[in-house]
Each structure stands twice: as C-alpha cells, then as structure tokens.
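Asker: Here is a sequence with its predicted model. Questions after.
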Amino acid sequence: MLENKFNDFVTIVKKLRKECPWDKEQTNDSIKAATLEEAYEVVQAIDEKNFDELKKEIGDLFLHVIFHTQIAEELGHFNIEDVIDSISEKLIRRHPHVFGNKVVGNSEDVKSNWEAMKLSEGRKSVVDGLPEAMSSLLFANRLQEKVAKVGFDWKDKKDVWKKCEEELNELKEAEENSVPEFIEEEFGDLLFALVNYARFIKVNPEDALRKTNQKFMKRFRYIEKKLAEQNKNVLDSNLEEMDIYWNESKKK
C-alpha cells in the first residue's frame with residue numbers, strides 16, 4: 001500500500017540521520033544547494049522526455065523533501081504531518097471552484113482568484129513571495145505574470161515589441177556615452193522587456209534560453225570532435241576553422 005511505502009521511506013531517512021556519519025552532519029543550509037540541483041535535474045529529464053530518468057530524479061527530489069523535514073523535526077519546528085496538513089489546507093482554500101461553490105470561467109479566472117486569495121491571506125503586495133534564489137530570468141517572468149493577473153499589463157504584443165526596440169536603442173545610446181552603470185541598467189531593461197514579449201508569444205524564457213544553451217554546447221562539442229579527428233584541439237585551431245565546423249554542425 002502507498003501509505004506503508006511512504007512510512008517505510010520516512011523510516012529509512014530517520015535511520016540515515018541516526019546512523020550515517022555524513023547524513024547526521026547535514027543541515028537545511030548544507031543541503032539546500034543540492035536540493036536546487038535535484039530540481040534542475042528533474043527539469044532536464046522533462047526536457048529530454050526521459051521518463052525513466054524522471055522517475056529517478058523525482059525520487060531524489062522527494063528524498064530532499066523528507067530530509068529537510070526530518071532536520072526541521074529534530075530542531076522542533078515541524079514534522080511531515082505538519083507539511084502535508086499545511087499544503088492540503090492551502091490547496092483546498094485556494095481552489096474554491098473545486099472544493100467550494102465558486103464558479104470560474106477559465107484558467108485565467110483561476111489565476112486571478114489565486115492572487116486575490118494570497119492578498120486576503122495577509123500578503124502586503126502582489127509581488128511578494130517570489131524566492132530570491134530563483135534565476136533572474138525566471139524571476140522576471142513570474143513577476144510579470146503576477147502583476148498581469150491583477151490587470152497591470154500591455155494590451156497588444158505589438159506595443160511590447162516596440163518597448164523591446166525602445167530599450168535596445170537606449171542600450172546603444174548608453175554604450176555610445178560610455179557610462180558603465182547606465183549600460184548595465186539598460187541591458188537589464190532590455191532583458192526585462194524581452195521576457196515580457198516572451199510571455200505574450202507563449203514562450204517560457206527560462207526554457208528557451210536553457211534549450212539554446214544546450215544547442216550551443218552540442219554544436220561546440222561537434223567542433224571539438226572534428227578537431228580531435230585531426231589530433232587537434234580548440235587551442236590548436238582558429239576562428240575560421242572552428243566556424244567551418246560550427247556551420248557543419250548547424251546543417252546536421
């Protein structure tokens with residue numbers, strides 16, 4: 001039964017905390033970077049549509065959930081039952097259209113109601129609650145989504161693109177004036193505007209950039225492979241030669 005498997009797993013983690021020298025030394029702080037890494041590995045498995053790997057990575061992430069909870073329990077803060085009670089109560093409270101009598105027309109209504117409920121629960125601002133550890137690209141995307149849910153948004157994507165062009169021109173102007181702090185600021189504004197445009201064309205900017213990074217690495221490894229076939233490496237090559245192999249990799 002699922003309940004027995006869950007309890008058995010919690011017991012395994014508790015035993016590790018008591019008997020494994022390394023596990024006993026860990027704190028919430030010491031493993032937080034590893035927790036983030038495991039989350040990214042889940043995302044990578046999803047990108048690769050590798051469900052066998054996804055199963056393993058979800059297991060690793062699940063271990064971190066239980067491990068963090070066990071440490072907190074030992075410190076007297078909360079236990080796994082508290083965690084489950086808290087998330088269950090929140091899901092029911094924030095889905096009155098499922099567990100109550102509220103009527104919604106579509107998923108956009110659900111998103112809008114979600115933000116309204118957060119404010120009613122005591123948050124002082126719609127933009128509160130975003131984790132600072134989140135990548136700045138994803139942070140910008142979520143920030144824009146949050147304010148859009150309460151009506152602070154562009155009406156037409158053409159205007160959003162005009163804003164991107166405006167920010168690009170301001171970046172060029174800052175470069176021409178050679179003011180470093182202005183260059184950085186305008187570059188940030190341009191990125192923010194592009195993230196906003198991505199939202200309007202239904203593209204997740206974090207996903208898009210991650211896939212572009214992966215594509216770049218694949219193509220550059222092709223360059224290294226072709227050079228290795230000639231008993232050379234990138235240090236023995238030059239830009240012109242590497243460009244030839246780069247263009248080959250694009251065709252492939």
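Answerer: Received, thanks.
Asker: Can you pull the poorly scored residue ranges out of the stretch 51-200 of the chain?
Answerer: Along the stretch 51-200 of the chain, the model assigns pLDDT under 70 to no residue.
Asker: At which residues are the helices of it located?
Answerer: Assigned by DSSP state H, counting those that start in this stretch, the helices in the stretch 51-200 of the chain fall at 51-74, 80-93, 96-99, 107-120, 136-149, 157-177, 180-200.
Asker: Buried residues in the longest one, which are they?
Answerer: Pointing back at helix 51-74 there. By 16 or more other C-beta atoms under 10 Å, the buried positions in helix 51-74 come out as 54, 57, 61, 63-64, 66-73. (C-beta placed from N, C-alpha, C; glycine too.)
Asker: out of the helices of the stretch 51-200 of the chain, which comes closest to Arg210?
Answerer: When the helices of the stretch 51-200 of the chain are compared by C-beta to C-beta, helix 136-149 sits nearest Arg210, at 9.3 Å.
Asker: which helices and strands sit right next to that closest one?
Answerer: Judged by 3 or more C-beta pairs under 8 Å, 6 or more residues apart in numbering; DSSP states H and E, the packing partners of helix 136-149 are helix 107-120, helix 180-200, helix 205-228.
Asker: most neighbours per residue, which of those helices?
Answerer: Highest mean neighbour count of the helices and strands packed on helix 136-149: helix 180-200, a mean of 17 (counted as mean count of other C-beta atoms under 10 Å).
Asker: Run the angle between it and helix 205-228 for me.
Answerer: If you take axes from the mean of the first three to the mean of the last three C-alpha atoms, to 10 degrees, helix 180-200 sits at 110 degrees to helix 205-228.
Asker: Touching helix 180-200 from outside, list them.
Answerer: Applying C-beta atoms under 8 Å, 6 or more residues apart in numbering, the external contacts of helix 180-200 come out as 137, 140-141, 144-145, 148, 154, 157, 160-161, 163-164, 166-168, 170-171, 173-175, 204-205, 208.
Asker: Perfect, that will be all.
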